[in-house]
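**Q** The following comprises the amino acid sequence and a computationally predicted model.
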Amino acid sequence: MSASTNRPAPERWNLAELALLFSVIALLVPNFIGLLYWSHENGASPIKPRDYNLVVGLVVILLSLVCRPSFCLPALALITIPLMRFLDAALLERYAHITFGSHSIYVMMIAGYLLVSFTGVLALSASKGAQIAVWVAIITIVCCSLVNIYEFLGFASYTRIEGRMAGWNVDPNQSPIIMCLMFGILFTLHKRYWWNMILVVLAAAAIALSMSRSGFAIFAVMTGFYMLLHFRERLVGMIGIAIVSVPLLAIGIGVLGATSTKQGLHKNEDTSGRMEAIFEGDFDKLKSPERAKDLMDGWEAVCLQPVTGYGTGKGGDLLQPHNQFVTQWLDLGIFGIMQYLGALLTFSIACATKKFRGGFCLIPVWLFIPCSQILLEMPAYWFSFAVAAMVLFPRRIAIRIQKPSETAVAQHHAHA
């Protein structure tokens, strides 16, 4: 008997599972790639992100409950972290965050992030949750990459920093974070190596165009480790890819350097320094004196009020330490940072004891902490984190509502 006949046939998707797949994609991808907020703020869509997330989120929740969910309690427990931030901002209002116009607008924003995060994690509990996560990751990577390239070609301008491509997220540091989180899911759940590598090549160009030093460094660590794990079994193919891609990469770097480091007749020192940091391995240029000062200012503020913190929003709004640990400590104090650190250590210890299972999801979850202060407001962060939880803790709690059998009904009447 041939090997193909021994392979089990893939389980077909029923109508409810397909509806859930498309609903989850419709909810998560526009939020991940920034299209939902960009289109509304620029007049391209009359639908408010709040209303869209509420309607589509409720559909996803209902379909998730229909599709035979099996709940992973550690994954759902992760949502308590953004929940505590929301409750602190909404109920205690210890810090008035008015950057977006009023504190109530900020509360509604983080309520939306909380809803999307919870809905994404809940959808993973459905019968086809792992396959849904793979589709979300693939579509997100492709969209982020193509929009960055589209912007670089001059067809549109989305970025808030001249010379760096950002896509609909507007902040050029955000799309590399999103793509690395999605690659963590792909490298964990998607076993088709060459398809993953095609996406790696596409994303490499987009992340390079963003000129995010931390984003490119973490992306290189993830993909390098992934390739190393498959080096022996994929050696011939990888050599072929190197022969073709290295000359193209050299040409691309030259074009990027010529176009992105100039502003008229003047050299853009920021983008040229980023180019050297990314492509020449100049680690001195990976450092930022401004960010080091912001970090020190943030840490000094933590030391002044370490137990209670200052209230959700102050770390990211006023002090901006570009470090998620310090930001969480500033916002929620010692109890907030212990909750966050406890989740990270619990999952990391489980990963170490289970032969790196779920480890690719945890790499960007950890490595972006010293580079960003907005991770806990990103639904993509909790989505990737939850995939790691579901891989590391396979035990599930299932709730099944079944019609009683005729025998059970007869026995009930007999006893009655």
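**A** Alright, I've got the coordinates. Residues are numbered from 1 along each chain as shown.

**Q** which ones are touching C144?
**A** Contacts for C144 (Cβ atoms under 8 Å, 6 or more residues apart in numbering) come out as 32-33, 167, 169, 175, 178-179, 203, 206. The way it works is simple: take the backbone N, C-alpha and C, and place the C-beta from them, glycine included.

**Q** how about low-confidence regions in the protein?
**A** By pLDDT under 70, the low-scoring segments of the chain are 1-10, 234-289, 399-416.

**Q** what about the strands in it?
**A** 70-71, 262-263, 266-267, 397-398 (DSSP state E).

**Q** Just the residues contacting the first one, thanks.
**A** Pointing back at strand 70-71 there. Counting by Cβ under 8 Å, 6+ apart, 125, 127, 396-399 sit against strand 70-71.

**Q** Now for the residues you listed, which sits with the most neighbours around it?
**A** S125 (22 neighbours; other Cβ atoms under 10 Å).

**Q** Mark which of the contacts of C144 are part of helices, please.
**A** Under the assignment DSSP state H, those contribute 32-33, 175, 178-179, 203, 206 to helices.

**Q** JSON lines for those, including neighbour count and distance to M378?
**A** Shown next, in JSON lines, are these (neighbours: other Cβ atoms under 10 Å; distance: Cβ to Cβ, whole Å):
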{"residue": "F32", "neighbour count": "30", "distance to M378": "8"}
{"residue": "I33", "neighbour count": "25", "distance to M378": "12"}
{"residue": "S175", "neighbour count": "33", "distance to M378": "11"}
{"residue": "I178", "neighbour count": "27", "distance to M378": "8"}
{"residue": "M179", "neighbour count": "34", "distance to M378": "12"}
{"residue": "A203", "neighbour count": "23", "distance to M378": "17"}
{"residue": "A206", "neighbour count": "27", "distance to M378": "18"}
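
**Q** May I see those residues organised as JSON lines, with distance to F231 added?
**A** Putting those into JSON lines (distance: Cβ to Cβ, whole Å) gives the following:
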{"residue": "F32", "distance to F231": "31"}
{"residue": "I33", "distance to F231": "32"}
{"residue": "S175", "distance to F231": "28"}
{"residue": "I178", "distance to F231": "27"}
{"residue": "M179", "distance to F231": "23"}
{"residue": "A203", "distance to F231": "20"}
{"residue": "A206", "distance to F231": "25"}
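
**Q** and of these, the nearest to V55?
**A** F32 (18.1 Å; Cβ to Cβ).

**Q** And the closest one, how far from G342?
**A** 26 Å (Cβ to Cβ, to the nearest Å).

**Q** Can you tell me which of the contacts of C144 is nearest W135?
**A** F32 (12.5 Å).

**Q** which ones are touching that closest one?
**A** Taking Cβ under 8 Å, 6+ apart as the test, what F32 contacts is 136, 140, 144, 178, 182, 379-380.

**Q** Can you pick out the most distant pair from those residues?
**A** C144 and P379 (14.5 Å).

**Q** Would you agree Q324 is in contact with L376?
**A** Yes. Here Q324 reaches L376: they are 6.6 Å apart, a contact under Cβ atoms under 8 Å.

**Q** residues bridging contact with those two, i.e. touching both?
**A** Y340.

**Q** Contacts only, for L83.
**A** So L83 contacts L114 (Cβ under 8 Å, 6+ apart).

**Q** again with L186
**A** For L186, the contact set (Cβ under 8 Å, 6+ apart) comprises 134, 137-138, 141, 196, 199.

**Q** So which of the residues you listed are in helices?
**A** 134, 137-138, 141, 196, 199.

**Q** now the residues you listed in TSV, with distance to T119 and neighbour count?
**A** Shown next, in TSV, are the ones in helices among the contacts of L186 (distance: Cβ to Cβ, whole Å; neighbours: other Cβ atoms under 10 Å):
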residue	distance to T119	neighbour count
V134	18	20
A137	16	31
I138	19	19
I141	21	27
N196	26	20
L199	25	21
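
**Q** Closest to Q328 out of those residues?
**A** A137 (25.7 Å).
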